[in-house]
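Asks: starting from these lines, generate the structure:
(one chain, ligands or ions: 1)
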Amino acid sequence: MSTIKGLTASQVNYDGSNLRVAIVHARWNTAVIEALVAGAVAKLKEKGVKESNIVIESVPGSYELPFAVSRMIPGSHIQAGSNVADLLGGLSFGAVSPKQPSRTNTPGPASGGLNQPFDAVIAIGVLIKGATMHFEYICESVSHALMKIQLDTGVPVIFGVLTALTDDQALERAGLGRGDNKGHNHGEDWGLAAVEMGSHVLLMG
Ligand code: DLZ
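Replies: Residues are numbered from 1 along each chain as shown. From the prediction side, this is the model:
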């Protein structure tokens with residue numbers, strides 16, 4: 001055994017076919033971001049989440065993630081946005097509509113409207129340490145804010161923010177390592193985590 005680190009697969013085979021999942025990603029360090037988003041989407045789909053129920057939005061940098069995530073959770077819904085099919089065609093952070101009623105958590109056929117609430121939100125950003133304290137401040141505030149949002153709203157927010165000390169650390173955590181070791185795409189883990197956590201919330205009501 002070379003390492004004891006890492007995620008152990010769940011014993012439960014979660015079914016994402018009734019889930020709606022939002023991905024909000026930053027646009028800093030785009031090459032890494034794109035791989036992470038693609039990894040998350042691949043696992044969501046593998047677990048049965050319908051393409052029409054995956055909504056992807058972008059923000060400039062990781063610092064903007066908590067605001068955007070909070071606007072995508074019931075009480076402040078996104079009106080316009082892009083589903084996964086739009087990922088290839090460009091990303092934009094949609095306009096926000098007035099409050100909508102919350103969805104009841106009754107399992108049933110998933111509906112595709114963009115105004116429906118989400119069962120989980122994945123926040124994806126790539127922070128790479130520079131010469132100043134910027135990195136520390138953003139890491140600290142974003143991680144606390146994302147945790148607060150999920151505890152305050154009851155909607156799982158998956159922490160898809162890499163806090164890397166070097167470019168190589170970031171690349172390896174997106175499966176893009178430059179050496180022999182390509183690393184592992186953590187976006188895949190975040191997709192699985194979203195289905196697992198979203199399923200718990202859906203079942204518990
Ligand atoms: C300013 C900044 C810096 C220096 N580095 C990053 C980074 O590595 N990753 C990232 O996602 N965003 C970075 N940003 C941008 C901030 O997150 C934010 O967009 C700006 O400070 C504007 O609020």
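
Asks: how about the residues of this structure that lie near the ligand?
Replies: When proximity is defined as Cβ under 6 Å from any ligand atom, the chain approaches the ligand at 26, 28-29, 60-64, 125-128, 130, 134, 138. No exception for glycine: its C-beta is placed from N, CA and C like everyone else's.

Asks: which of those are buried?
Replies: When neighbours are counted using 16 or more other Cβ atoms under 10 Å, the residues of the chain next to the ligand contain these buried positions: Ala26, Trp28, Asn29, Ser62, Tyr63, Glu64, Gly125, Val126, Leu127, Ile128, Ile138.

Asks: for the chain, which element, helix or strand, carries the lowest mean pLDDT?
Replies: Using mean pLDDT, DSSP states H and E, the weakest-scoring helix or strand in the chain turns out to be strand 82-83, at a mean of 46.

Asks: give the next helix or strand downstream of that strand.
Replies: strand 120-128 (DSSP states H and E).

Asks: give the pairing partners of that following strand; include direction for each.
Replies: According to DSSP bridges, the neighbouring strands of strand 120-128, each with its direction, are strand 21-26 (parallel), strand 157-164 (parallel).

Asks: ok so, going back, what is the most widely separated pair among the buried ones among the residues of the chain next to the ligand?
Replies: In these, the most distant members under the criterion Cβ to Cβ are Glu64 and Ile128, with 16.6 Å between them.

Asks: restricting to C-alpha, output stretch 167-180 in CSV.
Replies: What follows is stretch 167-180 as a C-alpha-only set of coordinates in CSV (Å, rounded to 0.1, in the frame of the first residue of the first chain):
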residue,chain,number,x,y,z
ASP,A,167,0.9,25.3,-10.2
ASP,A,168,1.9,21.6,-10.2
GLN,A,169,-0.1,20.9,-7.1
ALA,A,170,-3.2,22.3,-8.8
LEU,A,171,-2.6,20.5,-12.1
GLU,A,172,-2.1,17.1,-10.3
ARG,A,173,-5.4,17.6,-8.4
ALA,A,174,-7.2,18.0,-11.7
GLY,A,175,-5.5,14.9,-13.4
LEU,A,176,-3.3,17.2,-15.5
GLY,A,177,0.1,16.5,-13.8
ARG,A,178,3.1,17.4,-16.0
GLY,A,179,5.3,14.5,-14.8
ASP,A,180,4.7,10.8,-15.0
